[in-house]
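Visitor: take this sequence and fold it.
(chains A, B, C and D)
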Protein chains: 2
Amino acid sequence: MDSPVLRSPRGKDVPGPIRAATPSRRTGTHACTRCLVRHLAVCTALSTDQTEALDAMAGDVRLQAGQMLAREGDVRRYVFTVTSGALRRIRVLPDGRRLVAGFLMPGDFIGFSGASHYRHSIEAISDSVLCSIAQADMRELCERHPGLEHELLERACVELDATRNNLMALARMTPLERLAGFLLDMAARRQRQGIGGNQLVLPMTRADIADYLGLTVETVSRSFTRLRQDGMISAADPHHIELLDPKRLQALAEARA
Amino acid sequence: MDSPVLRSPRGKDVPGPIRAATPSRRTGTHACTRCLVRHLAVCTALSTDQTEALDAMAGDVRLQAGQMLAREGDVRRYVFTVTSGALRRIRVLPDGRRLVAGFLMPGDFIGFSGASHYRHSIEAISDSVLCSIAQADMRELCERHPGLEHELLERACVELDATRNNLMALARMTPLERLAGFLLDMAARRQRQGIGGNQLVLPMTRADIADYLGLTVETVSRSFTRLRQDGMISAADPHHIELLDPKRLQALAEARA
DNA sequence: CGCTTTGTTGACGGGGTTCAACCGCAGTGG
DNA sequence: CCACTGCGGTTGAACCCCGTCAACAAAGCG
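Guide: This next block holds a predicted model:
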């Protein structure tokens, strides 16, 4: 049985001590019942004793920052749930133009796709841990527990809603509005993880944000400074943002006022 | 039992002879087994005798061009399958900026959303007929026939893939590339309906296309003429396009060459 | 230490939006 | 019948925002 391939973003496999745990075998660290993101993940749909079956199939994957979990075009053999860390879902055009189709955070499920091959590459932004299950196992699990499939559908719909929201941002919003919306989204995600407050940690680079919002790094940078000048945010450093005026950010993001 | 509200785009209910059939009751014209889009729709997941249960719950909705099937913000009570015609899924910002989040064609399912309220308005572009089922009935049907839920998940994933493709277009493609991709998409959809060939009928206006591609009408119009000048398409009238050079259009849409 | 990466800021130019005019067509009503 | 109106579509001209190019600072890292 092969394991999900780990590659560096540039295509060379990353050497070194850190390799993927073979997903088909339980690693020492894996134990669904003690999972930190169980309340966030699809597995909530399973009762405690049903979880045993899942546990037997699941394995951990550990990635260090910059490593690639999946490459666009590869055959999809596994689905994943993010346990910790942050990843990006990207696609690159032949001429180098890049899109970040989304960011993946703890609790997020990776595997909603109708295609047999990956439509995007998935790279770790920071060191990350994922729970992996072979697609075949997942299918079997779904057949045995319809509640799981229902939960998956539910989540796919939520993700569809979110993606459609991004369409609006990309099609019709100004850079400032896009950034405001992005920051609020990230804050909302944080809240869902139980980390409230207006402090925000952005693990991704400005380039990631730019490719996510359909802008250039320069425009993103300028938009950050404008939000800062206008008193809506403050930033200790580029990756630590405080939302000083969420109301006004909201108004921006919704194009009111 | 109330029926899906039909409104004109401006908000006034449309008077006149054409009203929605009450979806909870079978209308004379409804009969799943004779459905023209059965092979395209989610109902393929049901066997012939299972279809009887569906038949009892389903009803037809008829819309004339311009009528509204659902309004952004309304409570979602029904899900639909497009039988004939064409519709658009739209959202409008307070200041008038408009987004067309997608076009709905025969066989398409309307109802993938995690939200309890509509996130978009849905308007008929041309006269359309839809098959409607109350959400509660749909849920019950899913519980009784897990195959249906599986099919729904499958389709939600396909739609998610398609929406993510649009993200790339909106974020990083030039107007010409977006239009090329759009035309090919429409052609592919046509093919799925069994209407092959390079002839293309676009029921929507240039404004719809513009708001779908994140451009202005002017830019869309100019892009059409450029494609025409470059010999990639020809147009009898604005709504009837012939794809003269699909290969080159493909290259454009994929940003090759 | 150099070297690379990341982020910010300035100057400039171009592509797409904005503004405007025009055409063809379908209603509409005198 | 025909003027009038509105809408959809196309094209031209001017503007401006954002992308491009460039320089620089700061941090990370061998």
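Visitor: can we go C-alpha only for contacts and neighbour counts from here?
Guide: Fine.
Visitor: what residue in chain A comes nearest to DNA strand D?
Guide: Distance from DNA strand D to each residue of chain A (Cα to the nearest atom of the strand) is smallest for A:L215, at 3.8 Å.
Visitor: thought that residue was touching B:L170?
Guide: No: using Cα atoms under 8 Å, A:L215 is not in contact with B:L170; the gap is 10.7 Å.
Visitor: how close does whatever residue of the stretch 51-200 of chain A ends up closest to chain B get to DNA strand C?
Guide: Going by Cα to the nearest Cα, chain B is nearest to A:A171 of the stretch 51-200 of chain A, at 4.1 Å. Using Cα to the nearest atom of the strand, to the nearest Å, we find A:A171 at a distance of 8 Å from DNA strand C.
Visitor: quick one, phi psi at that residue?
Guide: With angles defined as degrees, to the nearest 10, A:A171 sits at phi -80, psi -40.
Visitor: how many residues are close by it?
Guide: 25 (other Cα atoms under 10 Å in any protein chain shown).
Visitor: ok, back up a step: shouldn't the residue of chain A closest to DNA strand D be within a helix?
Guide: No: read with DSSP: H, G, I helix; E, B strand; the rest coil, A:L215 is coil and lies in no helix.
Visitor: before we move on, back to that, excluding sequence neighbours, find me the nearest residue to the residue of the stretch 51-200 of chain A closest to chain B.
Guide: Excluding the flanking residues, the one nearest A:A171 by Cα to Cα, 6 or more residues apart in numbering or on different chains is B:G214, at 4.1 Å.
Visitor: quick one: residues contacting the one you found.
Guide: By Cα atoms under 8 Å, 6 or more residues apart in numbering or on different chains, B:G214 lies in contact with A:L170, A:A171, A:R172, B:L99, B:L170.
Visitor: mind listing what's buried in the helix or strand harbouring A:R139?
Guide: Assigned by DSSP states H and E, A:R139 falls within helix A:135-144. Neighbour-count burial for helix A:135-144 flags A:D137, A:M138, A:L141, A:C142 (criterion: 16 or more other Cα atoms under 10 Å in any protein chain shown).
Visitor: one step back: next one: the residue of the stretch 51-200 of chain A closest to chain B from B:L93, what distance?
Guide: To B:L93, A:A171 is 12 Å away according to Cα to Cα, to the nearest Å.
Visitor: same deal with A:G194?
Guide: 31 Å.
Visitor: neighbour count: those two, which is higher?
Guide: Per other Cα under 10 Å, whichever of A:G194 and B:L93 has more neighbours is B:L93, with 14 against 9.
Visitor: which residue packs closest to the more buried one, ignoring adjacent ones?
Guide: Closest to B:L93 by Cα to Cα, 6+ apart is A:A255, at 6.7 Å.
Visitor: returning to what we had before: so which of the contacts of B:G214 reach DNA strand D?
Guide: Among the contacts of B:G214, proximity to DNA strand D is found for none (Cα under 7 Å from any atom of the strand).
Visitor: tabulate those (TSV), appending secondary structure and pLDDT.
Guide: Below are the contacts of B:G214 laid out as TSV (DSSP: H, G, I helix; E, B strand; the rest coil; pLDDT from 0 to 100):
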residue	secondary structure	pLDDT
A:L170	helix	98
A:A171	helix	98
A:R172	helix	98
B:L99	strand	97
B:L170	helix	98
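Visitor: and which of those is nearest to A:S113?
Guide: When the contacts of B:G214 are ranked by distance to A:S113 (Cα to Cα), B:L170 comes first, at 20.1 Å.
Visitor: contacts only, for the closest one.
Guide: B:L170 neighbours (Cα under 8 Å, 6+ apart): A:L167, A:L170, A:A171, A:G214, B:R178, B:L213, B:G214.
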